[in-house]
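With the input below, show me the fold.
(chains A and B)
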Amino acid sequence: MINVSKLKEGIVIDHIRAGHGYKIFQQLGLDRLDDVVVLMRNVESTKMGRKDLIKIETNLNLNFDVLGLIDPDVTISYIKNGERVKKIRLTPPETVTGILSCKNPRCITNQEHIGNVRFYLVDAQTNQYACEYCDARTHL
Amino acid sequence: MLTNKSLIAPSDFTLEEIEELLALSERVIESPARYADACKGKLLASLFYEPSTRTKFSFDAAMLRLGGSTLGFSDPNTSSTAKGETIADSARTVGKYADVIVVRHPKEGTAKLMSRYADCPVINAGDGGHHHPTQTLTDLLTIRHYKGDFGGLTVGVCGDLKFGRTIHSLVTCLARYQNVRFLFISPEELNMPAFVKEELIAKGVPFTETADLEGSISQLDVLYMSRVQRERFISEEEYLRLKDFFILTADKMRLARQDMIVMHPLPRINEIATEVDADPRAAYFEQVKFGMYVRMALIMKLLGAGEPQD
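A predicted model of the protein is given here:
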């Protein structure tokens, strides 16, 4: 068992479905931070069996849309002086812009550069979004 | 009010707006000459980035019969797209000349993109395998002409239900009306896709799936045919084994009700035997005429053309 010391100041992203931690790490650009960041994978969990966990030793502005897109079941805790001061539960965003791209090769967005293509949530269970132009379903 | 709206998907219009359109179409059918100048001085641009003579003729005929004029192309190589112009810029430019744009393009979502940039209403005349809303309006007008109403109808759709966009649109549109029931008649390989069935289940609309046209034809008020294409099958043997089950013949028509109608979006290849053409229940060529009338009504509504004064 690897032990990571308790966070004094920063953010804990917990209850990440096992296997999604690295995706969140990449999408949030945590590899570009100069602060301490810990990604723990396959941690034992009584609720989830296995889970991933990320600890960030700084208070940065997280992109909740990205988090909600990848794994809306995560919990985010803000830590100050070693105590949790705020806890956030996510829901998948109803619409997202600028994060997803349409995977349908027949979609006009893959022929012509179109800024700010919007995607609408169509299935919260499977986190599926539909392209506003061609309606094809996609996810992050 | 439909004035200045664009029509991109069949679901863009409410049932009330569809009713408005169908009612106007029926008035045009009754007395086409009354509407001969309804769009005089107006210009329709038809931008066909892929060939579709039938649809282009239908729109052009509709505008000309309203006294308006048309311009456009049916070969993208003759347009500025060949020089690399974007769809957004084409929409901005053509929107300055024309009062209404009709667009057909192989890429899905093109009509919607055009409607964002054009200064005038845009009508989607088919964007790849996505939407073809004026075909749906044509189908609705045809059914209403023969059946009076949509409520209580049993509608059979037969053939390629997996890739047939006109069928998906018609089914989801008819499902908005009360007490409509569907029979999906297709080989297993070409079954109705899950997204259509999920929508029907969510709305509580009853449907049955079968591969037996002959055994189910007697239940139908409307039979909507489409082609089972050879290239959709993995094996040639499977195609040859199944294709005849989905061909409508005079023998199968003998099992159908006397007031059933047969529809088809055309072009027909071999899925309806030519011997059926003489049957008074064959509505598919009349359907073409209804297509023109409903497009006349649509153009009038989007341009805000008033009812002609007698």
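
quick one: least confident helix or strand in the chain?
Answering for chain A, as no chain was given. helix A:64-70 (a mean of 86; mean pLDDT, DSSP states H and E).

wait, chain B
helix B:236-242 (a mean of 79).

picking up where we left off before, can you name the residues in contact with the least confident helix or strand of chain A?
A:13, A:20, A:23-24, A:27-28, A:74, A:76, A:88, A:90-93, A:96, A:99-100, A:127, A:129, A:139-140 (CB atoms under 8 Å, 6 or more residues apart in numbering or on different chains). (Glycine included, C-beta is placed from N, CA and C.)

now the least confident helix or strand of chain B, how far from the centre of its chain.
The chain centre lies 29 Å from the centre of helix B:236-242; the measure is CA atoms, centre = their mean, to the nearest Å.

Buried residues in it, which are they?
Buried residues in helix B:236-242, defined by neighbour count with 16 or more other CB atoms under 10 Å in any protein chain shown: B:239, B:242.

which outside residues touch it?
With CB under 8 Å, 6+ apart, helix B:236-242 has contacts from B:187, B:189, B:211, B:228, B:230, B:233.

Most widely separated two among these?
Pairwise distances across the contacts of helix B:236-242 (CB to CB) peak at 17.5 Å, for the pair B:211 and B:230.

quick one, which of the two is more surrounded?
Per other CB atoms under 10 Å in any protein chain shown, whichever of residue B:211 and residue B:230 has more neighbours is residue B:211, with 17 against 10.

Let's see the pLDDT reported for the more buried one.
With respect to pLDDT, residue B:211 has a value of 93.

phi, psi of the nearest residue to it once chain neighbours are set aside?
In space, and not counting its chain neighbours, residue B:211 is closest to residue B:187: 5.8 Å by CB to CB, 6 or more residues apart in numbering or on different chains. With angles defined as degrees, to the nearest 10, residue B:187 sits at phi -70, psi 160.

cool, and residue A:23?
Here is the backbone geometry of residue A:23 (degrees, to the nearest 10): phi -60, psi -40.

What sits closest to it if chain neighbours are left out?
Closest residue in space to residue A:23, ignoring its immediate chain neighbours: residue A:70 at 5.5 Å, by CB to CB, 6+ apart.

and that neighbour, how many neighbours?
So residue A:70, with other CB under 10 Å, has 23 neighbours.

List the residues that contact the residue nearest to residue B:99 when sequence neighbours are not counted.
Spatially, and ignoring its direct neighbours in sequence, residue B:99 is nearest to residue B:42 (4.5 Å; CB to CB, 6+ apart). Counting by CB under 8 Å, 6+ apart, residue B:42 makes contact with B:63, B:66, B:68-69, B:99-100, B:303, B:305.

I'd like these written out as a markdown table, with pLDDT added.
Formatted as a markdown table, the contacts of residue B:42 follow (pLDDT from 0 to 100):
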| residue | pLDDT |
| --- | --- |
| B:63 | 98 |
| B:66 | 98 |
| B:68 | 98 |
| B:69 | 98 |
| B:99 | 98 |
| B:100 | 98 |
| B:303 | 98 |
| B:305 | 96 |
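
contact partners of stretch A:12-23?
A:24, A:39-42, A:45, A:47-56, A:62, A:67, A:70-71, A:73-77, A:79, A:140.

rerun at 7 Å
Residues from elsewhere that reach stretch A:12-23, judged by CB atoms under 7 Å, 6 or more residues apart in numbering or on different chains: A:24, A:39, A:41-42, A:48, A:50-55, A:70-71, A:73-77, A:79.

Then stretch A:34-51?
The contact list for stretch A:34-51 (CB under 7 Å, 6+ apart) reads A:4, A:15-18, A:21-22, A:25, A:30, A:52-58.

ok, now with 6 Å
Here stretch A:34-51 makes contact (CB atoms under 6 Å, 6 or more residues apart in numbering or on different chains) with A:4, A:15-16, A:18, A:21, A:25, A:30, A:52-58.

Just those residues: which are in helices?
Those of those mapping onto helices are A:21, A:25, per DSSP state H.

ok, of the contacts of stretch A:34-51, which come out buried?
Here, 16+ other CB under 10 Å leaves A:15-16, A:21, A:25, A:30, A:52-56 buried among the contacts of stretch A:34-51.

Out of the residues you listed, which is nearest to residue B:193?
Ranked by distance to residue B:193 (CB to CB), those are led by residue A:16 at 33.1 Å.

On the strand side of things, show who the closest one bridges to.
Residue A:16 has these beta-bridge partners by DSSP bridges: residue A:52.

and the closest residue to chain A within the stretch 1-150 of chain B, what is it in contact with?
Residue of the stretch 1-150 of chain B nearest chain A, by CB to the nearest CB: residue B:109 (2.7 Å). Residue B:109 makes contact with A:107-108, A:133-134, according to CB under 6 Å, 6+ apart.
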